[in-house]
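Student: Pasted the sequence and its predicted model underneath.
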Amino acid sequence: MNEIRAEQLSRLGAQSATDYREALVDPTVDAVSICLPHNLHAPVAVEAAGAGKHTLVEKPLAATLGSQ
């Protein structure tokens, strides 16, 4: 996330970070919303779950239904 978007979100009362790992180690963060390209969903979601965070993935986990 870029600095400008992070500032815009903070004005709405949301907490944001420019590196998702900051949110994963923050004990005040209970949940994360993953809004990334498909190829980044799984690794970040696995890390978030491993950190004990409730996790919302905004898009499908993959661009297709099966492996090709």
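Tutor: Structure received. Numbers count the residues shown, from 1 in each chain.
Student: CA only for contacts and neighbour counts going forward, please
Tutor: Will do.
Student: where does this structure have low pLDDT?
Tutor: 1, 59-63, 66-68 (pLDDT under 70).
Student: longest helix in it, by residue count?
Tutor: helix 38-50 (DSSP state H).
Student: So which elements touch that one?
Tutor: Packing partners of helix 38-50 (3 or more C-alpha pairs under 8 Å, 6 or more residues apart in numbering; DSSP states H and E): strand 31-34, strand 54-57.
Student: As a markdown table, those with mean neighbour count and distance to H41 would be great.
Tutor: Formatted as a markdown table, the helices and strands packed on helix 38-50 follow (neighbours: other C-alpha atoms under 10 Å; distance: least, C-alpha to C-alpha, whole Å):
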| stretch | mean neighbour count | distance to H41 |
| --- | --- | --- |
| strand 31-34 | 16 | 7 |
| strand 54-57 | 15 | 7 |
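Student: mind putting those strands in CSV, distance to Q15 included?
Tutor: Shown next, in CSV, are those (distance: least, C-alpha to C-alpha, whole Å):
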stretch, distance to Q15
strand 31-34, 10
strand 54-57, 15
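Student: Next, the distance between the ends of stretch 2-22.
Tutor: Using C-alpha to C-alpha, to the nearest Å, the end-to-end distance of stretch 2-22 comes to 14 Å.
Student: Quick check: buried residues in it?
Tutor: Within stretch 2-22, the residues that count as buried by 16 or more other C-alpha atoms under 10 Å are S16, A17.
Student: what does stretch 37-57 give?
Tutor: H41, V44, A45, A48, A51, K53, T55, V57.
Student: for the residues you listed, which one is nearest V32?
Tutor: Comparing those against V32 with C-alpha to C-alpha places T55 closest, at 5.1 Å.
Student: what about the closest one, distance to I4?
Tutor: 24 Å.
Student: any idea which of the buried residues of stretch 37-57 is the one closest to T28?
Tutor: Relative to T28, the closest of the buried residues of stretch 37-57 is K53; by C-alpha to C-alpha it sits at 10.3 Å.
Student: Check the contact between that closest one and V32; I expect there is one.
Tutor: Yes - applying C-alpha atoms under 8 Å, one finds K53 in contact with V32, separated by 6.6 Å.
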